[in-house]
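*Asks:* Got a sequence here, can you build the structure:
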Amino acid sequence: MGERGLGTSWTAAEIRQQPSVWPRVAEAVEQARVEVDGLVGAALADARTRVVLTGAGTSAFIGEVVAPAVARHLGRPVEAIATTEVVADPQGAVVDDRPVLLVSFARSGNSPESLAAAELLHRLAPGLRHLVITCDPQGQLARRWSGAEDAVVLALPDETNDRGFAMTSSFTGMALAALLAFGVDVDVEALARQGSAVLDEAAERASAIAGAKPARLVYLGSGPLRGLAREAALKCLELTRGEVVGLAESSLGFRHGPKSVLDDRTIAIVFLSPDPYSRSYDVDIARELVQSLGADRVVVVGEADSAECGGAQVWPVGGGFSSPSVWALVAVITAQATALACSLALDLTPDNPFPGGEVNRVVQGVVIHEFPEEVS
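*Replies:* Model prediction:
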């Protein structure tokens, strides 16, 4: 993705740098390996321990993407619960006396919900252990939990602390860190190679999508790729200032009402799962979308033959990764590049799409209300 294709903004640079940053993320995890393994090992020694992954916005979608891979690796359930849900309904997040291993994802660690969610769970969940994965070791969340009992702060390389408005390197960096922290097998060198391969074509392919002037981008995926679809739709909304509406759903769930969004200014993008079983449902919806929208308005991201998907456009993303959660770290580059291309096509400033401050890099306007000491 050359500078000429998608510009010289911080956002463009932070999309491009991801393959070179991932090995440094792996190094950061290894440097903290003794502390991380000690915390995780102590937590998982109790078979009753709940593993909860939390964050807000893009950081919440990290949990949705990586939870299935971590659960499969650990052989136990892993829950992704957004900080915004924890803060609004703490009793919905803590429903019994089981201990909790909390994993907080935070680019800056300065969002009010990130801070409040951790405090609430520390108060309500017995035996809480806390792993903070952050891109800013000087952020409020990192400073609050550094040195705290039963807590480890895993700070990622400075490059992951995106300067642009939207999270790009921070998303893939924290997701990779979580997978590695829990011992999920990731070939980081292969990941970087595939990321670079996708970037080589990203400007041309993303600009072609933006050139069709979509009013709506629909992203679909199965399993952990539903979380990827949610992140992709959010990138579209953020970088286009909502002028291109992004919608996300699972490949099977889309027929249950959300399909109503389709019109002649919609482009649908389907993430094809590396898992053969899940992939069959992704292919089915791609074929159906071609019938509804036409082949030129449906894009499948993954390894596929166009004819297999009803003639849909193919954005090839390979890699040989058996885990959809790992593959998602490469596939998300297609969505990041597309959102950036759409932003530029609308003559927006991707590093600051909301100059009036209607939406902010670190959320503002949140009032954290006191949770009562005694609740029924």
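*Asks:* I'd like to know how far residue 217 sits from residue 162.
*Replies:* Counting by C-beta to C-beta, to the nearest Å, the gap from residue 217 to residue 162 is 21 Å. Where C-beta positions appear, they are placed from N, C-alpha and C, glycine not excepted.
*Asks:* Look up how far residue 41 lies from residue 15.
*Replies:* Distance of residue 15 to residue 41, computed by C-beta to C-beta: 36 Å.
*Asks:* repeat for residue 135
*Replies:* Taken as C-beta to C-beta, the span from residue 135 to residue 41 is 25 Å.
*Asks:* ok, the two, which is more surrounded?
*Replies:* Each of residue 135 and residue 41 has its neighbours counted (other C-beta atoms under 10 Å); residue 135 has more, 28 against 9.
*Asks:* So what's the residue count around residue 183?
*Replies:* Using other C-beta under 10 Å, residue 183 has 14 neighbouring residues.
*Asks:* for the one 5 residues further on, same thing?
*Replies:* Counted with other C-beta under 10 Å, residues neighbouring residue 188 total 20.
*Asks:* Would you mind listing the residues in contact with residue 226?
*Replies:* Residues near residue 226 by C-beta atoms under 8 Å, 6 or more residues apart in numbering: 64, 248, 249, 250, 253.
*Asks:* I'd like to know which of these are buried.
*Replies:* Neighbour-count burial (16 or more other C-beta atoms under 10 Å) applied to the contacts of residue 226 gives 64, 248, 249, 250.
*Asks:* what kind of secondary structure is the residue lying closest to the last one once chain neighbours are set aside in?
*Replies:* Using C-beta to C-beta, 6 or more residues apart in numbering and skipping the chain neighbours, the partner closest in space to residue 250 is residue 226 (4.4 Å). With DSSP: H, G, I helix; E, B strand; the rest coil as the basis, the three-state label of residue 226 is helix.
*Asks:* Check the gap between residue 226 and residue 169 for me.
*Replies:* Distance from residue 226 to residue 169, by C-beta to C-beta: 22 Å.
*Asks:* Check residue 11 too.
*Replies:* Distance from residue 11 to residue 169, by C-beta to C-beta: 10 Å.
*Asks:* Can you identify each of the strands in this structure by residue range?
*Replies:* For the chain, applying DSSP state E gives strands covering 50-54, 78-80, 100-106, 129-134, 151-155, 216-221, 245-250, 266-271, 298-301, 313-315.
*Asks:* Specify the stretch among those strands that is closest to residue 176.
*Replies:* Among the strands of the chain, the nearest to residue 176 by C-beta to C-beta is strand 129-134 (9.9 Å).
*Asks:* okay, residue 357: pLDDT?
*Replies:* pLDDT, the model's per-residue confidence, is 73 for residue 357.
*Asks:* Over to residue 171?
*Replies:* For residue 171, pLDDT reads 98.
*Asks:* OK, contacts around it?
*Replies:* 58, 59, 61, 62, 231, 332.
*Asks:* Please flag which of those residues sit within helices.
*Replies:* When DSSP state H defines the helices, the subset of the contacts of residue 171 inside them is 58, 59, 61, 62, 231, 332.
*Asks:* out of those residues, what pair is the most spread apart?
*Replies:* The widest separation within the ones in helices among the contacts of residue 171 (C-beta to C-beta) is 13.8 Å, between 59 and 332.
*Asks:* Just give the closest residue to residue 353, not the sequence neighbours.
*Replies:* Closest to residue 353 by C-beta to C-beta, 6+ apart is residue 241, at 4.5 Å.
*Asks:* what's that neighbour sitting at in phi/psi?
*Replies:* When read as degrees, to the nearest 10, the backbone of residue 241 gives phi 60, psi 30.
*Asks:* who's in contact with it?
*Replies:* For residue 241, the contact set (C-beta under 8 Å, 6+ apart) comprises 343, 346, 348, 353, 354.
*Asks:* Going through those, which ones are buried?
*Replies:* 343, 346, 348, 353.
*Asks:* Point out the ones among the residues you listed that are inside helices.
*Replies:* Cross-referencing the buried ones among the contacts of residue 241 against helices under DSSP H gives residue 343.
*Asks:* From residue 325, how far off is residue 287?
*Replies:* 25 Å.
*Asks:* neighbour-wise, which of the two wins?
*Replies:* Using other C-beta under 10 Å as the criterion, residue 287 and residue 325 rank with residue 325 on top: 28 against 17.
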